[in-house]
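Enquirer: below: sequence and its predicted model.
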Amino acid sequence: VITMGQAEHSKITTCAYCGVGCSFKAEMKGNEVVRMVPHKDGKANHGHSCVKGRFAWGYATHKDRMTKPMIRSKITDPWREVSWEEALGYAASEFRRIQAKHGKDSIGGITSSRCTNEETYLVQKLVRAAFGNNNVDTCARVCHSPTGYGLKQTLGEAAGTQTFDSVMKSDVIMIIGANPAAAHPVFASQMKRRLRQGAKLIVVDPRTTEMVKSPHVAADYHLKLRPGTNVALISAMAHVIVSEGLEDAAFVAERCDTKSYADWREFVLRPENSPEAMADITGVPAAELRGAARLFATNGNGAIYYGLGVTEHAQGSTMVIGIANLAMATGNVGREGVGVNPLRGQNNVQGSCDMGSFPHELPGYRHVSDTTVRTEFEDAWGVPLSPEPGLRIPNMFDAALDGSFLGLYCEGEDIVQSDPDTQHVIAAMMAMECIVVQDLFLNETAKYAHVFLPGSSFLEKDGTFTNAERRISRVRKVMPAKAGKSDWEVTVALSNALGYPMHYNHPSEIMDEIAALTPTFKGVSYAKLDEVGSLQWPCNDAAPEGTPIMHIGEFVRGKGKFINTQYFATDEKVTLNFPLILTTGRILSHYNVGAQTRRTENVAWHSEDRLEIHPHDAEDRNIKQDDWVGIESRAGQTVLRATVTENVQPGVVYTTFHHPESGANVITTDNSDWATNCPEYKVTAVQVMPVTQP
Ligand code: SF4
């Protein structure tokens, strides 16, 4: 159902779905959206859009929207609608009661990559200044936290290096662990335009995605590796480049830390990193590894784009480092057409990380133990701040189960559905004494909550999102907040109820505070955004118009640093009992856990998570097209319908996670990245057998 009618007025705003950050004109009649029209001046989308941004905004007025605050003292009690004052007062008194009994570190907060920059800034400020600890984390923990770690270590900044438009200058594009045709469709179209002009394409993916075989842009190489072997593959490619003298020696000598390069060079040249040795591990023939490495190193501007197929692994951070190593060794950083480009899944993953929502970093990626930085925030906020890093999301769950973490403020994130090993998450939820959920809907997490605070959709608030190319764009309020308060106002009110006063008249004042305290945002203001449309950080005295391409002339860290990337097999092993590897992804018309797209009639018709299985594996198990199948892992079990397809290779099965009832995260394990605890969603050993319809 596409709402049509005569628009009376409009405002420019930003899509609330993926990290492309398309600009839209919201056309309104009274307080009702008539249509969303892609904005021709949007610098990330140039007038283009996908089905989600254009048609999937109906959730904002869905009957499931919650508009009244509610409380209950036990999760078995019925909810009781109360005033904002009573709900916030109850939450504050419970948090203070828990802290008085169990210490100030016994509570914390989780924010979301769906929140605006201003909202996330306030959540981390609330936790640090009002709670008095650093127990704040974001759902970027479960997607791109390895990007932050890996790029900071090697290049010096936890962000992608390019603009999207840069791809039009690329000669060879390497996509690793990403399916932009489904997850970043507008950018995928731009990539395809460049590919039709003759750029070469390498796709590294266990599945045959649309990017591999779409008309006119078929990949030159599809490295169809075994899930979990990314690091082996990147080391093999580096081996070829170095052993065949294909590196950019001048770039390395001028721009990089040559001692680290010499160590890395010796490392990748070891025989165990050769394509022949790594072919057994990756499942990719040595000739293909060699051919792809040669193509990338010798075909002009080489650009790497990657997604959660890189980060959501036990070696996610190692692989991000490996990608940066490869880009530096081939001189592919610091100009148009090249670079290291994480494709951020959610609209504001970049911004949520920038805003200090990690337990070890204040806004601008500065460590909480840095006394100079901490003092700046203490002076601005008027309270002493803890120098000790707080708990990450999985640590919060563990601490809940050992009785030391008992209160949680969770804004815009459905951790029960999104996080791996659902049974473990639910056990942690049930162990806590006060969970406050702030969301549009009574989501899965709210089933275990004691206070529910109704949230506001992107149409009901002012703010900014920062897309995958570091582009800060305005979100503009086009209708009143259904519950009477925008999300930022709720966090302010909770802080005031806790006795830590916050006062802002408008989110522009929050951005002014961010700019005053964050060097990379120093030149950002709503007035400037209104004037120029959008800005890419760093935006400050050195770059008043922003920074489309990073690391020109010099890396942010000075010299680019190579780090060895030793491959280790994941602990998640296939066995006779669990002989297949399950990996996960998403489809074009649905978005993550589907909270919005399932509630938008325009796209909700495409509404079933299925299990893709190769014909050989299906035949071995007597599974036919559309049969119901049981999927069992070491963590749990679920039932889906089967799609028998050669898009997956033998030994690998695949599903999406858009519907709570399909239980994808009931079967994913709690293995995680060694550096950041990003869950290893992409590798779960499973058995699949036919079952009768549930
Ligand atoms: Fe929204 Fe992403 Fe689609 Fe653009 S490509 S309309 S940002 S979902």
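Expert: That came in fine, so what should we check first?
Enquirer: SS state for the closest residue to the ligand within the stretch 501-650 of the chain?
Expert: The ligand sits closest to Y591 of the stretch 501-650 of the chain, with a gap of 7.2 Å, by Cβ to the nearest ligand atom. C-beta coordinates here come from the backbone N, C-alpha and C atoms, glycine included. Judged by DSSP: H, G, I helix; E, B strand; the rest coil, the three-state class of Y591 is coil.
Enquirer: what about the one helix or strand S260 maps to, distance to the chain center?
Expert: Here S260, judged by DSSP states H and E, is contained in helix 258-268. Helix 258-268 has its average C-alpha position 31 Å from the chain's average C-alpha position, going by Cα atoms, centre = their mean, to the nearest Å.
Enquirer: burial measure for the residue of the stretch 301-450 of the chain found nearest the ligand, as a count.
Expert: Distances between the stretch 301-450 of the chain and the ligand by Cβ to the nearest ligand atom are smallest at N347, namely 6.6 Å. By the measure other Cβ atoms under 10 Å, the count of residues near N347 is 30.
Enquirer: check K573 too.
Expert: Burial of K573 is recorded as 12 neighbouring residues (other Cβ under 10 Å).
Enquirer: next, it: phi, psi?
Expert: phi -100, psi 150 (degrees, to the nearest 10).
Enquirer: quickly find the element holding the nearest residue to it once chain neighbours are set aside.
Expert: Leaving aside its chain neighbours, K573 sits nearest to A685 (6.3 Å; criterion: Cβ to Cβ, 6 or more residues apart in numbering). Using DSSP H and E, A685 maps to strand 684-690.
Enquirer: which residues are in contact with that strand?
Expert: By Cβ atoms under 8 Å, 6 or more residues apart in numbering, the residues outside strand 684-690 that reach it are 572-575, 577-583, 611, 613, 617, 621-623, 627-635, 642, 653, 667-669.
Enquirer: for that strand, buried residues please.
Expert: T684, A685, V686, Q687, V688 (16 or more other Cβ atoms under 10 Å).
Enquirer: same deal with stretch 522-532?
Expert: K522, G523, V524, S525, Y526, K528, L529.
Enquirer: now swap in stretch 54-74 and tell me
Expert: By neighbour count with 16+ other Cβ under 10 Å, stretch 54-74 contains the buried residues 54-62, 65-66, 68-72.
Enquirer: pretty sure T311 contacts P146?
Expert: Yes - T311 is in contact with P146 according to Cβ atoms under 8 Å; the separation is 4.3 Å.
Enquirer: need the overlap of contacts for those two.
Expert: S317, M319, V320, D673, C678.
Enquirer: which ones among these lie within helices?
Expert: S317, M319, V320 (DSSP state H).
Enquirer: how about H39: what's its closest non-neighbour residue?
Expert: Counting by Cβ to Cβ, 6+ apart, S23 is the residue found nearest to H39 once chain neighbours are left out, at 3.9 Å.
Enquirer: beta partners of the one you found?
Expert: T14 (DSSP bridges).
Enquirer: now the helices for the stretch 451-600 of the chain?
Expert: Applying DSSP state H, counting those that start in this stretch to the stretch 451-600 of the chain gives helices spanning 487-497, 507-517, 526-532.
Enquirer: again, but for the stretch 101-250 of the chain
Expert: 117-125, 145-154, 180-183, 185-196, 210-213, 230-243, 249-255.
Enquirer: list the buried ones in the third one?
Expert: Right, helix 180-183. P180, A181, A182, A183.
Enquirer: how about the fourth one?
Expert: Residues P185, V186, F187, A188, Q190, M191, K192, R194, L195 are the ones in helix 185-196 that count as buried (16+ other Cβ under 10 Å).
Enquirer: picking up where we left off before, and after the helix holding S260, which helix or strand comes next?
Expert: By DSSP H and E, the next helix or strand past helix 258-268 is helix 275-282.
Enquirer: buried ones in that following helix?
Expert: For helix 275-282, the neighbour count (16+ other Cβ under 10 Å) marks P275, A277, M278, A279, I281, T282 as buried.
Enquirer: and which of those residues is nearest to the ligand?
Expert: Using Cβ to the nearest ligand atom, T282 is the member of the buried residues of helix 275-282 that lies nearest the ligand, at 30.7 Å.
Enquirer: I'd say that closest one and M237 touch.
Expert: No - T282 is not in contact with M237 according to Cβ under 8 Å; the separation is 10.4 Å.
Enquirer: how does the chain divide into domains?
Expert: 9-61, 70-141+348-468+484-513, 145-342, 580-690 (automatic domain parsing).
Enquirer: and those domains, which one's lowest on average pLDDT?
Expert: The minimum mean pLDDT among the domains of the chain belongs to domain 580-690 (a mean of 86).
Enquirer: that domain spans what distance, first to last residue?
Expert: When the termini of domain 580-690 are compared using Cα to Cα, to the nearest Å, they are 14 Å apart.
Enquirer: now stretch 182-201, how far from the centre of its chain.
Expert: Here the centre of stretch 182-201 is set off from its chain's centre by 21 Å, with Cα atoms, centre = their mean.
Enquirer: again, but for stretch 262-276
Expert: Using Cα atoms, centre = their mean, the offset of stretch 262-276 from its chain centre is 32 Å.
Enquirer: give the buried residues for it.
Expert: Using 16+ other Cβ under 10 Å as the test for burial, stretch 262-276 gives W264, R265, F267, V268, N273, S274, P275.
Enquirer: adding distance to the ligand, write the residues you listed out as JSON lines.
Expert: JSON lines is the format used below for the buried residues of stretch 262-276 (distance: Cβ to the nearest ligand atom, whole Å):
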{"residue": "W264", "distance to the ligand": "36"}
{"residue": "R265", "distance to the ligand": "39"}
{"residue": "F267", "distance to the ligand": "38"}
{"residue": "V268", "distance to the ligand": "36"}
{"residue": "N273", "distance to the ligand": "37"}
{"residue": "S274", "distance to the ligand": "39"}
{"residue": "P275", "distance to the ligand": "35"}
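Enquirer: pLDDT on stretch 552-572, on average?
Expert: The model assigns stretch 552-572 a mean pLDDT of 96.
Enquirer: so whichever residue of the chain sits closest to the ligand, which state does it fall into?
Expert: Proximity of the chain to the ligand (Cβ to the nearest ligand atom) peaks at G53, 2.3 Å away. At G53 the chain is in helix, as set by three-state DSSP.
Enquirer: list the residues that contact it.
Expert: Contacts of G53 by Cβ under 8 Å, 6+ apart are C15, Y17, C22, F24, M36, P38, V186.
Enquirer: re the thing from before, overlap in contacts, T282 and M237.
Expert: Applying Cβ under 8 Å, 6+ apart, one finds that T282 and M237 are jointly contacted by L289.
Enquirer: now distance to N45 too, for the buried residues of helix 185-196, in TSV please.
Expert: Shown next, in TSV, are the buried residues of helix 185-196 (distance: Cβ to Cβ, whole Å):
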residue	distance to N45
P185	10
V186	5
F187	9
A188	12
Q190	9
M191	13
K192	15
R194	16
L195	18
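Enquirer: from the residues you listed, which are also near the ligand?
Expert: Applying Cβ under 6 Å from any ligand atom, the subset of those adjacent to the ligand comprises P185, V186.
Enquirer: so V349 makes contact with S113?
Expert: Yes - judged on Cβ under 8 Å, V349 makes contact with S113 at a distance of 4.3 Å.
Enquirer: pick the most deeply packed of the helices of the stretch 451-600 of the chain.
Expert: Ranked by mean neighbour count, these are led by helix 487-497 with a mean of 24 (mean count of other Cβ atoms under 10 Å).
Enquirer: neighbouring contacts of it?
Expert: By Cβ under 8 Å, 6+ apart, the surrounding residues in contact with helix 487-497 are 84, 88-89, 91-92, 115-116, 118-119, 122-123, 125-126, 129-130, 409, 411-412, 436, 438, 453, 455-456, 461, 463, 481, 485, 501-504, 507, 510.
Enquirer: can you give me the angle that helix makes with helix 117-125?
Expert: Helix 487-497 runs at 20 degrees relative to helix 117-125, counting by axes from the mean of the first three to the mean of the last three Cα atoms, to 10 degrees.
Enquirer: next, the angle from helix 487-497 to helix 507-517.
Expert: 70 degrees.
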